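K.L.:
next input, structure requested:
(one chain, ligands or ions: 1)
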Amino acid sequence: MSGAAAAAVPVTSSGSGKGILLEGIGLTYGRGADARQVLQEVDLQLTPGEFVVVLGPSGCGKTSLLNIIAGYLKPSQGSIAINGKRHTRPDSEVGVVFQQANLFPWLTLARNIEFGLRMKNQPKAERRERVAYFLELMGLTASARLYPHQLSGGMKQRAAIARTLAAEPEIVLLDEPFSALDALTRENMQIHLREIWRKTGKCMFFITHDVDEALLLSSRLIVMHPGPGRIVEDFANPLTEGSISRSFNDIRSGGEYSSLREYLVSRMDVQ
Ligand SMILES: Nc1ncnc2c1ncn2[C@@H]1O[C@H](COP(=O)(O)OP(=O)(O)OP(=O)(O)O)[C@@H](O)[C@H]1O
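P.N.:
Numbers count the residues shown, from 1 in each chain. As a prediction, this is how the structure comes out:
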């Protein structure tokens with residue numbers, strides 16, 4: 001890290017054991033002559049309250065890393081622990097939001113949010129209370145009885161985030177969740193998500209190709225490079241550090257914004 005990002009603070013392990021700890025993660029797809037190493041020696045500690053944004057060129061292994069944290073993929077090397085406990089398969093500690101909302105078309109928005117809580121056999125009164133809370137949090141209360149086909153793209157994605165948060169995960173993984181939305185809806189969703197993050201204090205692990213999205217949302221920035229996939233930058237975002245309530249316009253208007261943006265774009269270019 002140099003130049004524009006010189007003011008940024010490197011992120012180091014706190015060693016507290018709280019949060020998610022990835023140690024020496026490697027991943028190889030295929031076997032024998034077809035074997036291809038996609039991730040190598042990835043060490044990462046994710047702590048509660050962080051908004052971690054991962055940038056990197058296509059194919060550098062961002063989604064593979066997210067799938068490993070989600071427990072969908074088993075790493076070929078290394079280990080993951082959540083709050084000091086080994087994490088080997090999908091569980092309610094880790095929530096995932098994808099590019100497409102994937103709501104059940106036959107359930108209302110409220111029922112979609114409630115679905116995971118039913119699976120956990122939560123008492124009805126508790127479920128109702130929690131669904132009402134997350135509908136309100138996502139600004140969806142008036143749409144609770146609508147079905148997915150009656151919702152806009154942004155509303156569907158807000159519902160997907162509400163469904164994930166309602167399950168009270170330790171960490172929320174988001175894989176390019178806004179990339180299918182138009183520019184205006186996308187910015188509204190970014191504002192909304194940052195607000196939710198501030199209110200819930202969850203750890204967010206967010207993948208994007210969009211450098212502006214990364215600069216506006218993150219408290220911590222990670223850049224990955226391919227061949228095999230590894231972390232080459234990991235630092236606190238100086239634009240949001242100490243003031244997560246800065247407006248997007250305020251963040252964008254400072255001179256530091258364009259120099260950090262330029263720096264990140266250059267770090268994503270691996271030609
Ligand atoms: N199931 C799979 N089997 C074999 N190779 C795979 C598989 N999934 C991904 N890959 C390869 O692993 C590499 C990393 O893929 P991955 O989707 O993790 O990258 P990414 O950084 O998320 O890419 P993008 O930004 O385009 O989504 C790519 O070269 C991809 O072709």
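K.L.:
which residues of the stretch 101-250 of the chain lie near the ligand?
P.N.:
Residues of the stretch 101-250 of the chain found near the ligand (Cβ under 6 Å from any ligand atom): none. No exception for glycine: its C-beta is placed from N, CA and C like everyone else's.
K.L.:
quick one: low-confidence parts of the stretch 101-250 of the chain?
P.N.:
244 (pLDDT under 70).
K.L.:
and the helices in it?
P.N.:
109-119, 124-137, 153-166, 183-200, 211-217, 248-253 (DSSP state H, counting those that start in this stretch).
K.L.:
who are the packing partners of the first one?
P.N.:
With contacts defined as 3 or more Cβ pairs under 8 Å, 6 or more residues apart in numbering; DSSP states H and E, the secondary structure elements packing on helix 109-119 are helix 124-137, helix 153-166.
K.L.:
for Ile80, find the nearest of the helices of the stretch 101-250 of the chain.
P.N.:
Taking Cβ to Cβ, helix 153-166 is the member of these nearest to Ile80, at 19.0 Å.
K.L.:
contacts for that closest one, please.
P.N.:
Residues from elsewhere that reach helix 153-166 (Cβ atoms under 8 Å, 6 or more residues apart in numbering): 95-98, 101-103, 109, 112-117, 130-131, 134-135, 137-140, 143, 148, 151, 172, 174, 177-178, 180-182, 185, 188-189, 192-193, 196, 200, 202.
K.L.:
which ChimeraX command selects the buried ones in the residues you listed?
P.N.:
The buried residues among these can be selected in ChimeraX (16 or more other Cβ atoms under 10 Å) with this line:
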select :95,96,97,98,101,103,109,112,113,114,115,116,117,130,131,134,135,137,138,140,143,148,151,172,174,177,178,181,185,188,189,192,193,196,202
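K.L.:
can you spell out which residues form a bridge with Val52?
P.N.:
Residues in a beta bridge with Val52, per DSSP bridges, are Phe205, Arg220.
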